[in-house]
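Asker: Sequence and predicted structure are below.
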Amino acid sequence: MAQSFTVNTITTNTPNFGNVAAATSGNTDFAMTTSGAVSSAAGSGGNIASGTKSAATVTIRCSGGSACTSATALVRLFSLTTISGRAQAVKNFIVASGTGTVGAVTTNPDGSITFPLTGFSSTSSRTFLVGMTLPILGDNASTSTSASASWGVGVAKSPTIPSASSLSRNAIATIRKSLTLTKSSDLAFGAIRPPASGSGTVSISNVNGARSIGTGSPVLLPGLTSGRAQFSIGGQASTAITVTTPGSLTMSGSGGGTLSVTLSPSASGAQTLNTSGSLTLGVGGTLTVPSSTASGDYAGSFAVTVSYN
């Protein structure tokens, strides 16, 4: 009995790239491995840990009884032209053995790939796993929050090369705008005279930047700017993010010595961007000033990071 092969099933709506952040400008190529791991292969967008991420499993069925045990299927994966949202056509197919054994892969001039699949038994089905790259348009080109690009699988008995796909699915992703973080002012404690003895503290409000004496008796002097650090965060409206600031920093003096600052952000940890996709972050802090503090200018730095949840 002659053998014949059919594409029996492909996992529905796969690969699923889950949540990804687009670039502010230009495409980002998101690559998925055959195990479902997603990374940014090119461009300035980034993978987001949340959201369902899964590679595709394709099932090929052999009909032909005991002759299937020695039969070889020749499989071809195609990029199709149906795309929507921020997607561009899928590319860079990769495959791995499932219950079937994948042989040497040939990349064709049109970007499709062809490979043998073996391991069939009498009237049986065998699987293989598929990964690929899904290019996503940047914020400058689209505001869509979805992406879908079709791809297909064809199969024939080797050495016949399938000329077209016999079953297709969509590679999908959920898109979020790129996150932006812009600083508009630095944390500044202004001019201070140390206390006559012991130590004191000077605080800057993270809400309005007001300067005040906390403990001890340092003297607040006029003449230099004081105020909170302020940052503007932008991204996908009404979306959860995480804001991270360090707990403290050390400032070094131009005349030697150091001073410690305990930082106080107005927002930290899990936050949600408003309906306009923005959040204002103020960072104040408390500066400890010992009586032995050497005169001079003191400066330090701290990093603020934001990420999608």
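Answerer: Nice, I can see it.
Asker: Residue 127 pairs with what?
Answerer: residue 59 (DSSP bridges).
Asker: So what's the residue count around it?
Answerer: For residue 127, the neighbour count with other C-beta atoms under 10 Å is 17. Any C-beta I mention is one placed from the backbone N, CA and C, and that applies to glycine too.
Asker: Renumber starting at 129 from here on
Answerer: Okay, residue one is now 129; in that scheme the one you just asked about reads as residue 255.
Asker: isn't it right up against residue 227?
Answerer: Yes: using C-beta atoms under 8 Å, residue 255 is in contact with residue 227, at 4.8 Å.
Asker: for the residue lying closest to residue 314 once chain neighbours are set aside, what are its contacts?
Answerer: The spatial neighbour of residue 314 that comes closest, neighbours along the chain excluded (C-beta to C-beta, 6 or more residues apart in numbering), is residue 357 at 5.5 Å. Neighbour list for residue 357: 311, 313-315, 410-412 [criterion: C-beta atoms under 8 Å, 6 or more residues apart in numbering].
Asker: are any of the residues you listed buried, and which?
Answerer: Buried subset of these (neighbour count, 16 or more other C-beta atoms under 10 Å): 315, 410-412.
Asker: Which member of those is positioned nearest residue 426?
Answerer: Here the nearest of these to residue 426, counting by C-beta to C-beta, is residue 315; it sits at 11.8 Å.
Asker: Where does the prediction get shaky in the stretch 179-328 of the chain?
Answerer: 251 (pLDDT under 70).
Asker: That one: strands as residue ranges?
Answerer: All strands of the stretch 179-328 of the chain, identified by DSSP state E, counting those that start in this stretch, fall at 184-191, 201-213, 219-225, 229-230, 234-235, 241-246, 253-264, 274-285, 295-304, 308-313, 316-321, 327-332.
Asker: With respect to residue 165, which of those strands lies nearest?
Answerer: Evaluated over the strands of the stretch 179-328 of the chain, closeness to residue 165 peaks at strand 253-264, with 8.6 Å, by C-beta to C-beta.
Asker: How far does that closest one sit from its chain's centre?
Answerer: Its chain's C-alpha centre lies 20 Å from the corresponding centre of strand 253-264 when counted by C-alpha atoms, centre = their mean, to the nearest Å.
Asker: So which elements touch it?
Answerer: strand 156-160, strand 184-191, strand 219-225, strand 274-285, strand 295-304 (3 or more C-beta pairs under 8 Å, 6 or more residues apart in numbering; DSSP states H and E).
Asker: Just name the most buried of these.
Answerer: When these are scored by mean count of other C-beta atoms under 10 Å, the highest mean neighbour count falls to strand 156-160 (a mean of 24).
Asker: Could you list the residues in contact with the helix or strand just after that one?
Answerer: As assigned by DSSP states H and E, the chain's next helix or strand after strand 156-160 is strand 166-170. Residues from elsewhere that reach strand 166-170 (C-beta under 8 Å, 6+ apart): 145-146, 148, 155-160, 174-175, 181, 261.
Asker: Residue 218: which of these is nearest?
Answerer: Closest approach between the contacts of strand 166-170 and residue 218, by C-beta to C-beta: residue 261, at 6.6 Å.
Asker: From residue 269, how far out is the closest one?
Answerer: Noted for residue 261: a distance of 18 Å to residue 269, by C-beta to C-beta, to the nearest Å.
Asker: So if I had to pick from the two, which one is more boxed in?
Answerer: Legend: neighbour count by other C-beta under 10 Å for residue 261 and residue 269, higher for residue 261 (20 against 14).
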